[in-house]
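Asker: Show me how the following folds:
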Amino acid sequence: MHLKGMSILFLVVVCAGQVWGQFKNIMLDEQAENSRFICEPTIAINPRYPNNIVAGSVLDNIYFTKDGGKTWKKGKLTSPFGVYGDPAVIADPKGNFYYLHLSDPTGGKGGYDTEKLDRIVVQKSTDGGETWSPGEYIGLNHPKDQDKEWAAADTRGNLYVSWTQFDKYGDPDPGCHSNILFSMSKNGKKWTEPVTISQLPGNCIDDDNTAEGAVPAVTYDGKVFVAWSNQGKIFLDRSFNGGDLWLTNDIQVAEQPGGWDINIPGHDRCNGMPVLMADNSKSQYRGSLYLVWADQKNGEDDTDIWFTRSHNFGDNWALPMRVNNDGTGKHQYLPWMAVDQETGYIFIVFYDRRNYDDNQTDVYLAYSADGGASFKNIRISENPFTPEDTKFFGDYNNISAHKGVVAPIWTRMDNGKTSIWTAIIRLEDIPK
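Answerer: Numbers count the residues shown, from 1 in each chain. Purely as a prediction, here's the structure:
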């Protein structure tokens with residue numbers, strides 16, 4: 001068993017301040033005094049048993065519920081390869097959960113340890129998040145650095161993973177490159193040799209000119225797509241045979257004015273990296289591709305969430321539409337998206353400052369019942385928080401949806417300490 005330190009988490013509801021949200025906010029974890037930050041939460045609903053939900057956060061935290069969010073258990077993930085952040089939890093159609101993360105390339109010694117090479121690690125749970133396999137790793141590219149992995153599963157349980165590989169993270173040398181890599185597995189154990197799918201390399205500085213933010217999506221008939229940001233543009237590559245063959249030239253989906261590395265007051269760093277999803281529901285939008293991101297095309301004081309869609313496998317994309325329905329001049333940022341593959345509804349979670357003239361921040365949910373032709377917005381946080389730019393806050397939030405159950409997850413900061421929150425939302429409780 002590779003989940004240790006298990007403890008029961010009782011539901012904690014925010015009580016301080018004025019209560020505005022319509023949905024009960026549940027605190028899954030909070031940063032202890034003088035301890036490391038927790039952030040970058042990830043969540044997945046079991047498609048076979050929707051009351052079973054598994055979540056994770058930096059560096060090695062895991063949370064799960066089997067009663068629809070009434071009670072939660074918390075534990076620590078361990079692996080012989082190390083557990084070193086960038087958590088990504090997904091579920092396959094059979095009800096298996098996969099927890100992807102980075103390994104520890106330093107071995108805790110401040111330099112590369114030959115026993116702990118940098119790689120993507122995948123751990124599997126077949127019992128709803130209670131126990132986890134030791135893990136399998138993808139690729140072995142010592143001494144190159146891996147970062148920002150994400151995964152998708154198809155209807156047969158095949159797994160697809162994409163991520164950024166740096167020749168050397170943070171190296172300003174113009175000859176140091178970042179690229180988007182891809183690998184797949186039929187069972188979560190044996191992985192194909194990673195292939196580079198990005199034609200345009202980025203730098204290694206981890207900024208606007210870095211190829212980063214790769215998110216895969218797979219359609220019901222096995223077509224695989226990956227989108228990412230680089231040099232002020234959003235690119236897409238695709239494979240119609242499960243990842244064996246890719247396009248000779250990547251498709252440019254959209255401009256991203258100002259790039260993905262954006263400045264948001266109160267944060268030491270923030271990004272607008274894209275999130276790609278496929279609609280595999282039996283609705284009229286089946287087979288559509290959806291893409292969401294953030295940028296500052298309307299100015300550095302007006303970050304917005306943008307959405308576009310394609311009905312022909314990425315050949316053509318609709319003009320980007322603004323998801324947040326507020327006025328101008330406020331920040332909306334760090335979006336993530338889910339598609340309910342039973343109903344076809346689209347859900348996007350993001351931070352929002354429309355209600356304030358300072359750095360107070362709410363969490364909003366945008367949702368669409370018409371395949372992304374229009375969106376409605378609703379605030380889901382019970383009260384605002386104010387981040388501090390001297391504290392690391394993380395690079396993403398997450399959301400999952402299935403059979404009318406929606407589970408967003410986010411980080412908030414109070415008095416300089418981070419905490420992880422969710423809300424279990426039923427479709428019938430969302431204002432129409």
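Asker: which of the residues in stretch 225-238 are buried?
Answerer: Buried positions in stretch 225-238, judged by neighbour count with 16 or more other Cβ atoms under 10 Å: 225-231, 233-238. Using the backbone N, CA and C atoms, a C-beta is placed for each residue, glycine as well.
Asker: meant to ask about stretch 415-424
Answerer: Applying 16+ other Cβ under 10 Å to stretch 415-424 flags Lys417, Thr418, Ser419, Ile420, Trp421, Thr422, Ala423, Ile424 as buried.
Asker: Just the residues you listed: which are in strands?
Answerer: Lys417, Thr418, Ser419, Ile420, Trp421, Thr422 (DSSP state E).
Asker: Go ahead and confirm the fourth one touches Ile409.
Answerer: Yes: counting by Cβ atoms under 8 Å, Ile420 sits close enough to Ile409 to count as a contact (6.8 Å).
Asker: who touches both of those two?
Answerer: Leu28, Pro41, Ala55 (Cβ atoms under 8 Å, 6 or more residues apart in numbering).
Asker: Could you measure from the nearest residue to Asp171 once chain neighbours are set aside over to Asp173?
Answerer: Take Asp171 and drop its neighbours on the chain: the residue closest to it by Cβ to Cβ, 6 or more residues apart in numbering is Cys204, 4.5 Å away. Distance, Cys204 to Asp173, by Cβ to Cβ, to the nearest Å: 7 Å.
Asker: ok, the two, which is more surrounded?
Answerer: Taking neighbours as other Cβ atoms under 10 Å, Cys204 and Asp173 compare with Cys204 leading, 26 against 11.
Asker: Which element, helix or strand, includes the more buried one?
Answerer: Here Cys204 is covered by no helix or strand, with elements defined by DSSP states H and E.
Asker: so what pLDDT did it get?
Answerer: According to the predicted model, the pLDDT of Cys204 comes to 95.
Asker: That one touches Gln165, doesn't it?
Answerer: No: at 10.0 Å, Cys204 does not count as touching Gln165 under the criterion of Cβ under 8 Å.
Asker: Find the residues that touch each one of the two.
Answerer: Contact with both Cys204 and Gln165 is made by residues Ser178, according to Cβ under 8 Å, 6+ apart.
Asker: what sits against the closest residue to Cys176 other than its chain neighbours?
Answerer: Distance criterion Cβ to Cβ, 6+ apart; nearest residue to Cys176, sequence neighbours excluded, is Cys204 at 3.9 Å. Each residue near Cys204 by Cβ under 8 Å, 6+ apart is listed here: Phe166, Asp167, Lys168, Tyr169, Gly170, Asp171, Pro172, Asp173, Cys176, His177, Ser178, Thr210.
Asker: Buried ones among these?
Answerer: Neighbour-count burial (16+ other Cβ under 10 Å) applied to these gives Phe166, Asp167, Tyr169, Asp171, Cys176, His177, Ser178, Thr210.
Asker: for the second one, what are its contacts?
Answerer: Remark: with contacts taken as Cβ under 8 Å, 6+ apart, Asp167 is in contact with Lys144, Asp145, Cys176, His177, Ser178, Cys204.
Asker: Also the fifth one?
Answerer: Counting by Cβ under 8 Å, 6+ apart, Cys176 makes contact with Phe166, Asp167, Lys168, Asn203, Cys204.
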